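[1] Need the 3D shape of this:
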Amino acid sequence: MIDPSRAQTFSSDGIIAPLRFATYRRVWFTSLLANLGILMQGVGAAWSMTQMTSSADQVALVQTALLLPIMLIAMPAGAIADMHDRRIVALVALSIELFGAVALTIVEWSGFTTPFMMLVLCFVMGSGMALRGPAWQSSVSEQVPPAMLPAAVALNGISYNIARSFGPAIGGIVVATAGAVAAFALNAWFYLPLLVALFLWKRVAEPSRLPREQLSRAIVSGVRYITNSPSIKIVLTRTFLTGVIGGSISALMPLIARDLLHGGAQTYGIILGAFGLGAVVGALFIGEVRKRMSGEAAVRACALSMGSAIAAVALSDNPIITAAALLLAGAVWTMTMTLFNIAVQLSAPRWVAGRSLAAYQAAISGGIAIGSWGWGRLTDSGGVEVALLASSTLMLLSPLLGLWLRMPPIRASDQDAESLADPEVRLALTARSGPLVVEIEYRVSQENARAFHNVMQNVQLLRQRNGAYGWSIARDIADPELWTERYHCPTWLDYLRQRNRSTQSERALDRRASAFHVGPDPVRVRRMLERPFGSVRWKEDVPDRTASEMPLDNPKRGGR
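    Reported below is the predicted structural model:
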């Protein structure tokens, strides 16, 4: 366990404080090596594809093959990260990536590589990355104390951006001097230290009082939470569209080096390094940007800068001008993605953090993957310059999205509320008993009817994203002050989960609704079993079970 007193001691060390914790330090340094290997492998794969085919479509598909799995399996990966030991999940994912890297090395060394084989093995490695991402990101909070979490997240971003700054350049040099097979072999070797670091991590997990969700139900819970969270939906939509438009740079980088700059693998590595160096600069200044600008203003400024930089790349045949434009593009791209990432993380409670991060990864990776394919097709028909100018135009117009999909305010993280005691129960319930019907009666003065109804629209989203369905609000026609909120939960266990998933702001909204209640009696809550077959004695000689015999009985009582 992490000693809070040590966290206080290290707080003065600023952003480097998380490195004082051995597990985080080992994982951070070995992740840096793994990221270097992945980016070197990406350079080798893209350049090898340019040697096997002249089709821009095939070259762009390398990026698609690496990122498409993140879009396809992100939500299951996030659910697995929330449900299982994140250390084990990361080890399994790394093993999949290592298998793909070794296989690609052997195939390339043997001379049997084909465009199809290259794409398949890139897809395998992308699948491992997709499985590892949510487990790795959400495990940071288990490696450092809460006070260190922002610094640890920032350090992770800096690790990747350092790798992105030097990995492509190193990859370009390796490919130019020893061939793509050397880049693939180094990538395989660089996975090994991270495997050892995760193996040495002695993770201490706190067992949950409630049973673990099934994978399919956990996926549904995550999707339901996101679809009923307007702020997260807006951020994910903006992330996806930005990925589609801005994916031109990463997808067409080999063709920028070959066709616009008339260079080789080393030129390719250098301009990738310029983009990565810009990303490091962007990561270092993100705090200052957040301090001075709102989320919408910052995203708008980054989009205008990105569009201008892409246009400069399209029109330049000078490596220095291109590198300078890519430096700017890397900085504002990282700022934009970090703003989106922060908005998602601060909007999601802990119980669904892995799935929310997985949705973010799916949005950005899916956007880039789809955009890469589209920009590759356009390049085949119109050339690299036309594709980049089209991307630039769309990026310059993208701030107009803020008229309909305005970025939500980025506030401090919404903390989980304290768990509620289980309600009093006198029927013999099991985990699968249900559906459960919940009715809550409010008595509201008629002059407050409209205001109460408006608040209840937000309560509806609260109930639905935490597991309820079939929500309704009704007003008694004979007694206009009497309002009845009604919703369903699939099972008794789902209801217990729904009660204990609320954040502090959601509990405050619940209290706000209750504050409209008037009269001497408190708000009345009824919980009813919709299909009570198992609770009825079918034979006279079968005794009723008592409350103490109920499988999920809890000695604590109270709550709504």
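[2] Surely residue 471 is in a strand?
    Yes. Per DSSP: H, G, I helix; E, B strand; the rest coil, residue 471 lies within a strand segment.
[3] Next up, the contacts around residue 281.
    327, 330, 331 (C-beta atoms under 8 Å, 6 or more residues apart in numbering). For the C-beta atoms, the positions are set from N, CA and C on the backbone; glycine is no exception.
[4] ok, 6 Å please
    Counting by C-beta atoms under 6 Å, 6 or more residues apart in numbering, residue 281 touches residue 331.
[5] secondary structure element for it?
    helix 265-292 (DSSP states H and E).
[6] Mind checking the pLDDT average for the helix or strand immediately after that helix in the chain?
    Of the helices and strands lying after helix 265-292 in sequence (DSSP H and E), the nearest is helix 295-315. Averaging pLDDT along helix 295-315 gives 95.
[7] which residues touch helix 295-315?
    289, 322, 325, 328-329, 332, 335-336, 339, 385, 388-389, 391-392, 395-396, 398-399, 402, 406-407, 410.
[8] are any of these buried, and which?
    Buried members of the contacts of helix 295-315, scored by 16 or more other C-beta atoms under 10 Å, are 289, 322, 325, 328-329, 332, 335-336, 339, 385, 388-389, 391-392, 395-396, 398-399, 402, 407, 410.
[9] Narrow those residues to those in helices?
    289, 322, 325, 328-329, 332, 335-336, 339, 385, 388-389, 391-392, 395-396 (DSSP state H).
[10] which residues of the stretch 451-560 of the chain fall in strands?
    469-475, 482-489, 524-529 (DSSP state E, counting those that start in this stretch).
[11] where does this structure have low pLDDT?
    1-15, 57, 146-147, 149-151, 154, 164-165, 205-210, 410-419, 532-560 (pLDDT under 70).
[12] Report the central residue of it.
    residue 357 (1.7 Å; C-alpha atoms, centre = their mean).
[13] picking up where we left off before, quick check, nearest of the ones in helices among the buried ones among the contacts of helix 295-315 to residue 447?
    Using C-beta to C-beta, residue 339 is the member of those that lies nearest residue 447, at 42.3 Å.
[14] wait, what's in contact with that closest one?
    Contacts of residue 339 by C-beta under 6 Å, 6+ apart are 295, 298, 299.
[15] How many neighbouring residues does the last one have?
    Just to be clear, that refers to residue 299. 26 (other C-beta atoms under 10 Å).
[16] Can you tell me how far it is from residue 465?
    Applying C-beta to C-beta, to the nearest Å, the value for residue 299 to residue 465 is 24 Å.
[17] Helices along the stretch 151-300 of the chain, start to end?
    180-200, 215-227, 230-255, 265-292, 295-315 (DSSP state H, counting those that start in this stretch).
[18] and the helix holding residue 281, which residues are buried?
    Counting neighbours by 16+ other C-beta under 10 Å, the buried set in helix 265-292 is 265-284, 286, 289-290.
[19] The closest residue to residue 458 other than its chain neighbours: neighbour count?
    Nearest non-adjacent residue to residue 458, counting by C-beta to C-beta, 6 or more residues apart in numbering: residue 509, 5.9 Å away. Counted with other C-beta under 10 Å, the neighbours of residue 509 add up to 18.
[20] likewise residue 464?
    19.
[21] what residues are up against it?
    residue 228 are the contacts of residue 464 under C-beta under 6 Å, 6+ apart.
[22] State the distance from it to residue 329.
    Taking C-beta to C-beta, one finds residue 464 at 40 Å from residue 329.
[23] returning to that earlier point: tell me which of the strands of the stretch 451-560 of the chain lies nearest to residue 216.
    strand 469-475 (15.9 Å).
[24] Which positions within the closest one qualify as buried?
    Buried, per 16+ other C-beta under 10 Å, within strand 469-475: 471, 473.
[25] then it to PDB, C-alphas only?
    Listed next in PDB are the C-alpha coordinates belonging to strand 469-475 (Å, rounded to 0.1, in the frame of the first residue of the first chain):
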ATOM      1  CA  TYR A 469     -34.400   1.900 -17.500                       C
ATOM      2  CA  GLY A 470     -38.100   2.700 -18.200                       C
ATOM      3  CA  TRP A 471     -37.900   6.000 -16.300                       C
ATOM      4  CA  SER A 472     -41.000   8.200 -16.100                       C
ATOM      5  CA  ILE A 473     -42.400  11.100 -14.100                       C
ATOM      6  CA  ALA A 474     -46.100  11.300 -13.600                       C
ATOM      7  CA  ARG A 475     -48.500  13.900 -11.900                       C
END
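[26] Listing partners with orientation, what would you give for that strand?
    Looking at strand 469-475 with DSSP bridges, its partner strands are strand 482-489 (antiparallel).
[27] how far does the partner strand sit from the chain's center?
    Put simply, strand 482-489 sits 33 Å off its chain's centre (C-alpha atoms, centre = their mean, to the nearest Å).
[28] With stretch 501-516 instead?
    The answer for stretch 501-516 is 26 Å, by C-alpha atoms, centre = their mean.
[29] what does stretch 115-128 give?
    22 Å.
[30] same deal with stretch 52-70?
    With C-alpha atoms, centre = their mean, you get 23 Å for stretch 52-70.
[31] try stretch 285-304
    20 Å.
[32] Now do the end-to-end distance for it.
    17 Å (C-alpha to C-alpha, to the nearest Å).
[33] now stretch 139-156
    Note: stretch 139-156 ends 12 Å apart using C-alpha to C-alpha.
[34] out of the strands of the stretch 451-560 of the chain, which comes closest to residue 97?
    Among the strands of the stretch 451-560 of the chain, strand 469-475 sits nearest to residue 97 (C-beta to C-beta), with 38.2 Å.
[35] for the closest one, the distance to its chain's centre please.
    Worked out by C-alpha atoms, centre = their mean, strand 469-475 lies 31 Å from the chain centre.
[36] got the angle for that strand vs helix 215-227?
    40 degrees (axes from the mean of the first three to the mean of the last three C-alpha atoms, to 10 degrees).
[37] Show me the contact partners of strand 469-475.
    456, 460, 463, 483, 484, 485, 486, 487, 488.
[38] Buried members of those into PyMOL, please.
    This is the PyMOL syntax for the buried subset of the contacts of strand 469-475, where burial follows 16+ other C-beta under 10 Å:
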select buried, resi 456+460+463+483+485+486+487+488
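[39] tell me which of the ones in helices among the buried ones among the contacts of helix 295-315 is nearest to residue 63?
    Nearest member of these to residue 63, counting by C-beta to C-beta, is residue 391, at 14.0 Å.
[40] The nearest residue to that closest one once chain neighbours are set aside: what's it in contact with?
    Computed as C-beta to C-beta, 6+ apart, the closest residue to residue 391 that is not its neighbour in sequence is residue 248, at 3.7 Å. Residue 248 makes contacts with 375, 388, 391, as judged by C-beta under 6 Å, 6+ apart.
[41] Repeat the analysis, applying 8 Å as the threshold.
    So residue 248 contacts 310, 371, 372, 375, 387, 388, 390, 391 (C-beta under 8 Å, 6+ apart).
[42] in the strand or helix carrying the second one, what counts as buried?
    This points to residue 371. In the assignment (DSSP H and E), residue 371 maps to helix 353-382. Residues 353-376, 378-380 are the ones in helix 353-382 that count as buried (16+ other C-beta under 10 Å).
[43] go on, stretch 95-108?
    In stretch 95-108, counting by 16+ other C-beta under 10 Å, buried: 96, 97, 98, 99, 100, 101, 102, 103, 104, 105, 107, 108.
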